[in-house]
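Asker: give the three-dimensional model of this entry:
(2 chains)
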Amino acid sequence: MTMTDHESARAARERRRPVLRAAMPARASLLAALALGVLAAGSAVALLATSSWLIARAAEQPPILFLGFAIVGVRAFALGRAVFRYLERTVAHDGAFRSLASLRVAIFRRLLPLAPDGVRGVRRGDLLTTLVRDVDTLQDLPLRVAQPLVSGGIVAGLAVVGVAWLSPVAAAVLALGLVATIAAALGILRLLSRAADARVAPLRARLADAVLEYVTRWEVLNAFGAAEERRASILDLDGALRRAQTRQSAAAGSVAALFTLGAGATALATLVSVEPALSTGALSGPQFALLVLVPLAVLEVAAALPLAMTAWWRVRASADRIVAAVPEHVPSEIPRPPAAPAPPPLTATPLTLRAVTARWPGQSAPAMAPLDLELGPGDRVVVEGPSGAGKSTLAHVLVRFLDHEGDYLLGGIDVRELDPDEVRRHVVLCEQAPHLFDTSIRQNLLFARDTATDAELLDVLDRVGLGEWCRERGGLDAAVGERGRLVSGGEAQRIALARALLSSAAVLVVDEPTANVDPARAESLLLELVSAIGDDRAVVIISHTPVPDRLVTQRIRVTATG
Amino acid sequence: MIGSAVAVVHTASIIAFSWFLAHSIAGLIAGESLERVALTILATAGSILARAGTQALLDGLAVRGAAVVKSQLRRRVLAGLDRGGSALLGTTSSARIATLIGQGLDALDGYVGRYLPQLILTAVATPLVVLALLTADLATGIAVILTLPLIPLFMILIGLATQAMQRRQWEALGSLSQGFLEVVRGLSTLMIFGRQHRQIPRIEAVTEQYRQRTMRVLRLSFLSGFALELAASLSVAVVAVSVGVRLIDGDIAFALGLFVLVLVPEAYLPLRQVGAQYHAAAEGIAAADDVLALLEKAEDVPAAGAESTSAAPLARADDAPALDLRDLTVRRGDRVVVDRLSASWQAGQVVAITGPSGTGKTSLLLAILGLHEAEGAVLMSGEPLEPAQRAARIAWSPQSAELTEGTLDEAVALGVASVDRAAVEKALQWARVQDLPRDTVLGLAGDGLSGGQAQRLALARAVYRARERDCRIVILDEPTSALDSETEAGVLASVRELADEGRLVLVVSHRRSVVAAADVHLDLQLVAAEVRA
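Answerer: Below you'll find the model as predicted:
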């Protein structure tokens, strides 16, 4: 490894650290779970140790009184193993779940100053779902990494020390057996995960893509006579994946076998190496039996360690993805609240843009050419321009999701002197893909103005043309479904507009309301939406569906740079 | 079966290991020299190797078995899909099907790859170990036989007691675990209304509730693990103490006692592991159920015409209409969307088909293509054709582009083995695709293209096919919905060009400009009203 590799690995560790720390439970519950884990694994080892000593001592036929202590011990350890294991699992899980709350809040706090446009990669795919899944994976850090590593390590260490007290030679053999077995298992697991990354994962992804294309394009592929060829290539990929997985199967099967081998070999090596002590009488028979059999139990406990390491690799990958998506430092393209905000403007109008342009984080060039705009009450401005020219960028600038170059004034005040939240109190955005929360229609409207009465909510639904729709569903308590599953694209836009109308904002920015709507309905939907907005507000409409002149006071054209 | 044969050898090697190790220890303690017990020690080493080897083999076979089963299921679902066709696709979301035969099948790993092999091993190993114990020491054997059934009994009892509670909790857990995801996904919407700061206490509350409910479920689930562990470890204690007492009385040999002690846990281990794998297996069973349900559904659907790879030679009767529909009835689900439609159009015509959403425009097109079930007859150039024969003679551009992955050439020349680059270039020009570099590579679902670009590429694809295969019928579904009026005018001019080449062009659209550019206008709403009258 070169110096720079070292440095970048250390930098990655540094970046990961705060995220990992947030995933660890409170010290008290962590220590309790660890102590219980040590007791549980320790009982398992002690059970085998005392029972083998008991049998070997009994074979010497002493008076039964001499065995009383061992008999009690055997029973106690047997009971202890099960009871402590149960308590450990309960306490450890409880601790991990408790830390989940603080972990989620910690990630959310990191997310807040960045969101939405500073979250890296947020514009492609289902990044947020992956992020949330990764946060939940971090739960494994205390549960499947720290807990087994520490308690397994302590018990293995204690066992070596205990054995050393009877016979240093046996302790050396046990330590050697432990180290060799764990190292070999780690080597195999590392090879396996590399092979999986290199061969199986890409094949799996290609197969998933091919299957998805085959299923979603079934009609086109058949109509164009391309189905047969695609099916053949899916079957090829399937065969390749099966062969790659089969090739791995030998290695996958060998980890458990390795511990079987290690346990047997260590016991046998102990037997041979402590035999001289037995024949000289330095060790008694029962001690000898105990020393030979204990490695079997210790190696069983140690089998959890390599698994903990694979869990660690998984957790580390999740932590790295989180850190990459939610960087600690807010990029310069994202607005920050000023240290001492100016007093809020009395009115949002006139809204003035002078030579305004903006850039997305991580991009070197501005996303749109400089733009001027003057917006007064009752104005309706349609923003036109080819796709990719930065129309949505303008929308994000207006609500301060993105910072800008040039001047953006709200009621005569530079928005940079205002808290972005304050700007959004005056300028509200109807998003292209508005989020509907998995709850009732009422809750989905109320967060725009939580003092609104049911009559006001029904009134605004009537205005956006959803009155009948809402009544058909049984009123405001009707559910919208997960991610608005029960609501069509057009209805979602109407709900988003209803929210915007409920807010007191004087400026409405409507971003491509017909993007996810059946084309046959796009024009009429747009007309209805625009007509529903009263004359008291200024409106900026971004749309590729044409807006008739009678509804428009001004048209501006956005062009891409360069 | 290889698996059970290996399981027998594996179990035998465990018994041998315990036997030889006990005798090595007992021999040495009895004062024999290392040389005297060398053979026994060698036998122990041999049995260790056999035990580890068979263990590796068993695990390897399990992984392999899972890969094979998944591959077989995948092939069967694909075959079922082709049989069931669009009727099946209409009833199950395609993303769901893709998930089911993609990573969905990986859920079977727990069931096929771990649970089933463990079940087989248990069925083989447990009786063998018990038999060995019975032969070695009758009392221990009986003790084990008496306690073993306690394990499944405990599991069933605890399972019954917790099942109702688990089911009640599970639903609540589902929505609680989504709580954080909802807040994160909806963050920009929350920010617009200044609600993002209020979410922190909400996240805390939802997660706390999630913890409480999950722990209630887990405490009970852990109980079954506790019962398993307790039964196993207490049995070891009971055996150790009873063997110890009998050793004092001289009722049992030392080596035998040691052998029993080492072997007893092995009688419980397989059963305990079955219990441990059970949860992963339950998930897998659910996944298998979904896949089997899909297969069943596919087999229930009557075969739709789908095989359309080779173009039948065109027998042109030039005076016959290019397309002649006779009493065509199309259903979607249980609803009749097109009712006894009869119409015929000549080559060289541009036909605009209109109608509000839900009047079955797209279903009609799919029926003409033979990709959607329909009653009635479809004649092309005077020739009645079976559904399976039709698609080969039609060039089609679907409503939502539906581009395929690959280079621009591959996407445009879909279904044609040798790409004619010059013809692709002409098709791109025809569809007014000038704003896309020729070396563009399309991702899954046409990633990276705007709606308008994707739409025009789909048009280019249809035109390439129409000219390459000399299709007399071209069907364009909403070809200009994402285009501005300037580009639309260009595309409409291209459509006329296509008709002038002697083809019939059917255009579904809601735009007046498209209707105005057509020779014939078919309004499905009017047709439906006439039929009803």
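Asker: contacts, neighbours, all on C-alpha from now
Answerer: OK.
Asker: low-confidence ranges, the stretch 51-200 of chain B, go.
Answerer: In the predicted model of the stretch 51-200 of chain B, residues B:84-96, B:103-104, B:161-177 satisfy pLDDT under 70.
Asker: same for the helix or strand hosting residue A:8, what does it pack against?
Answerer: Per DSSP states H and E: residue A:8 is located in helix A:3-23. Here helix A:3-23 touches helix A:68-111, helix A:304-325, going by 3 or more C-alpha pairs under 8 Å, 6 or more residues apart in numbering or on different chains; DSSP states H and E.
Asker: the helix or strand where residue B:10 lies packs against which elements?
Answerer: Using DSSP H and E, residue B:10 falls within helix B:2-29. For helix B:2-29, the elements it packs on are helix A:227-280, helix A:285-302, helix B:38-91, helix B:116-136, helix B:254-300, judged by 3+ C-alpha pairs under 8 Å, 6+ apart.
Asker: flag every residue of the stretch 1-150 of chain B that's near chain A.
Answerer: Neighbours of chain A within the stretch 1-150 of chain B, by C-alpha under 8 Å from any C-alpha of the partner chain: B:21, B:25, B:28-29, B:31, B:34, B:41, B:44-45, B:48-49, B:51-53, B:55-61, B:63-64, B:67-68, B:71, B:75, B:85-86, B:94-95, B:97-99, B:101-103.
Asker: 7 Å instead?
Answerer: Contacts of the stretch 1-150 of chain B with chain A, taken as C-alpha under 7 Å from any C-alpha of the partner chain, map to B:25, B:29, B:48-49, B:52-53, B:55-57, B:59-60, B:63-64, B:67-68, B:71, B:94-95, B:98, B:102.
Asker: tell me, which of the helices and strands packed on helix A:3-23 is the model least confident about?
Answerer: Ranked by mean pLDDT, the helices and strands packed on helix A:3-23 bottom out at helix A:304-325, which scores a mean of 90.
Asker: tell me how far it is from the chain's mean position?
Answerer: 12 Å (C-alpha atoms, centre = their mean, to the nearest Å).
Asker: and it, does that touch chain B?
Answerer: No: Helix A:304-325 is not in contact with chain B by C-alpha under 7 Å from any C-alpha; minimum separation 12.8 Å.
Asker: give the buried residues for that helix.
Answerer: A:304-312, A:314-323, A:325 (16 or more other C-alpha atoms under 10 Å in any protein chain shown).
Asker: what does it rub up against?
Answerer: Contact partners of helix A:304-325, identified using C-alpha atoms under 7 Å, 6 or more residues apart in numbering or on different chains, comprise A:15-16, A:19-20, A:119-121, A:131, A:134, A:137-138, A:140-141, A:144-145, A:148-149, A:152, A:182, A:185-186.
Asker: buried ones from those residues, can you make that a ChimeraX selection?
Answerer: Buried residues within the contacts of helix A:304-325, by 16+ other C-alpha under 10 Å, are selected in ChimeraX with:
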select /A:15,16,19,20,119,120,121,131,134,137,138,140,141,144,145,148,149,152,182,185,186
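Asker: where are the low-confidence patches of chain A?
Answerer: In the predicted model, chain A carries pLDDT under 70 at residues A:1-3, A:121-126, A:252, A:386-388, A:482-486, A:516, A:518-520, A:561-562.
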